[in-house]
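Structure of the sequence below:
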Amino acid sequence: LKVSAGKVTAQTRRKGNQEIHYALVKCASALIQKHNEPLGQWGYGIYRRNLKGGWKKACSAVARRLAVAMFYVHKLGVDFSYEKYKFYEVPKVVLVPIEHMSLGRFEKYLKENGFSNSQDIAEAYYNGQLANAKGIGSRCLEVVRTWLDQNKLNQKGSE
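Next comes the predicted model:
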């Protein structure tokens, strides 16, 4: 929508095949609900990390990957394989114990769930397991995300 001074001045529709779009989103939704395939687990992680609109974001991301996979399977004439996908690429972070991460009251809940250092937390966060942990809520996830963003290491593994 194009809005000016609170009034809608124009509407645009997306182009493309709506039936294929609908089918891809439905397939993606089913994969995420079951999350027994790597693609579904990846989408479920996206869903759990995003508070607002997480389901739509996850469905869109998985549907896009499905569409790209189908394109290359058709183009190259090969069977589908998960080998080329990097779903759980966890960025390297500074390795420190939880006590030195300055997470405040959330430190207690992270310790109760068996996390001992920053890399354990990063792996659980990007795999979507941290969002399922007992006592971990949206505020804790936000604080962890901020810490991870500030303490990522560059490609070579040093700051």
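
So for this protein, the centremost residue is which one?
Centroid check for the chain by Cα atoms, centre = their mean gives Ile46 as the closest residue, at 2.6 Å.

SS state for that one?
Following DSSP: H, G, I helix; E, B strand; the rest coil, the label given to Ile46 is helix.

Mind checking the pLDDT average for the biggest helix by length in the chain?
In the chain, with assignment by DSSP state H, the single longest helix is helix 54-76. On average, the pLDDT along helix 54-76 is 92.

Could you do stretch 107-116 as well?
The average pLDDT within stretch 107-116 is 89.

Would you indicate which residues of it are buried?
Glu107, Tyr109, Leu110, Asn113, Phe115 (16 or more other Cβ atoms under 10 Å). For the C-beta atoms, the positions are set from N, CA and C on the backbone; glycine is no exception.

do you know how far the fourth one is from Gly104?
For Asn113, the distance to Gly104 under the criterion Cβ to Cβ, to the nearest Å works out to 16 Å.

try Ser60
34 Å.

Could you check which of the two has the larger neighbour count?
Per other Cβ atoms under 10 Å, whichever of Ser60 and Gly104 has more neighbours is Ser60, with 16 against 9.

got the contact list for that one?
By Cβ atoms under 8 Å, 6 or more residues apart in numbering, the residues touching Ser60 are Val25, Ala28.

picking up where we left off before, not counting its neighbours along the chain, what's nearest the residue nearest to the centre of the chain?
Ala58 (4.2 Å; Cβ to Cβ, 6 or more residues apart in numbering).

What residues does the one you found make contact with?
Ala58 makes contact with Ala28, Ile32, Gly43, Tyr44, Ile46, Tyr47, Asn50 under the criterion Cβ under 8 Å, 6+ apart.
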